[in-house]
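Q: With the sequence up front, the predicted model follows.
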Amino acid sequence: LYPTSKVADDARYSIAYSFLIQKEYSKAYKEFKLVLSYKGTEWADAARFHMGECRFRQEDFNSALLEFSRVNAKSEYGDKATYWRGLAHLELRQFQKAVDELNVLLSKFPKTEFRPQAMFRIATSYFELENYNAVVKAADRFMTEYPNADLPSAKSDSALFWKMRSLCELGEYEEVIVVE
């Protein structure tokens, strides 16, 4: 590369992204880190986000959390970084932190593309926390907003299952029988 070129950061970012696509996460991470060495680069938040993604894909969830936290919340990657922080907490089985992070996502980025997945994961996290009343509320909220959701990680019928299971845990069997 030509380090003094005005497009050196663009080239470095493209190389890093190519490694990411090829699932060569260590190489991608190193290249994204080099992107940050270009002062004032427009790729800073994208590079930081993808550095977190590399760490996440390598199952280094604590490092992923750190990288995602460095993304400017006001950038176009703000919602993605917040969502992935929630996912990292889930992988670490830090369910309350995941709920908190996903609630931040929903409040700061109400129109995010990750809204249905975040809402669903909040409900399932509450189940892990054995907060069954919260599961019922979160599942109802999800099913109200997404009655026919059929996303790989957020399905309406799955939300109904977690709601019914929680009602059983609460001993509210009559309500389980009534729900269709």
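A: Everything's here; your move. Numbering: from 1, shown residues only.

Q: Quick one: residues contacting the nearest residue to residue 104 once chain neighbours are set aside.
A: Taking C-beta to C-beta, 6 or more residues apart in numbering, and ignoring the residues beside it in sequence, residue 104 has residue 82 as its nearest neighbour in space, at 5.9 Å. From N, CA and C alone the C-beta is placed, and that goes for glycine too. Applying C-beta atoms under 8 Å, 6 or more residues apart in numbering, we find residue 82 in contact with 68, 73, 101, 104, 105, 108, 109.

Q: need these in JSON lines with pLDDT, can you?
A: Putting the contacts of residue 82 into JSON lines (pLDDT from 0 to 100) gives the following:
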{"residue": "68", "pLDDT": "98"}
{"residue": "73", "pLDDT": "94"}
{"residue": "101", "pLDDT": "98"}
{"residue": "104", "pLDDT": "98"}
{"residue": "105", "pLDDT": "98"}
{"residue": "108", "pLDDT": "97"}
{"residue": "109", "pLDDT": "97"}
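
Q: and the residue nearest to residue 104, that's in a strand?
A: No: Residue 82 is assigned helix when assessed by DSSP: H, G, I helix; E, B strand; the rest coil, not a strand.

Q: Mind pulling up the pLDDT for it?
A: The model reports residue 82 with a pLDDT of 98.

Q: Please tell me how far it sits from residue 89.
A: 11 Å (C-beta to C-beta, to the nearest Å).

Q: Mutual contacts of the two, please.
A: Shared contacts of residue 82 and residue 89, counting by C-beta under 8 Å, 6+ apart, come down to residue 101.

Q: Does anything pack onto the lowest-mean-pLDDT helix or strand in the chain? Which helices or strands?
A: Across the helices and strands of the chain, the lowest-confidence element by mean pLDDT, DSSP states H and E is helix 173-178, at a mean of 78. In terms of contacts (3 or more C-beta pairs under 8 Å, 6 or more residues apart in numbering; DSSP states H and E), helix 173-178 is packed against helix 156-169.

Q: For the helix it packs on, which residues meet the burial criterion?
A: 156, 158, 159, 160, 162, 163, 164, 165, 166, 167 (16 or more other C-beta atoms under 10 Å).

Q: for those, which one is nearest residue 25?
A: residue 158 (29.7 Å; C-beta to C-beta).

Q: And the closest one, how far from residue 120?
A: 7 Å.

Q: can you check residue 107 too?
A: With distances taken as C-beta to C-beta, residue 107 is found 17 Å from residue 120.

Q: just residue 34 next, same as before
A: 37 Å.

Q: between these two, who's got more neighbours?
A: residue 120 (25 against 18; other C-beta atoms under 10 Å).

Q: Would you confirm that that one belongs to a helix?
A: Yes: assigned with three-state DSSP, residue 120 falls within a helix.
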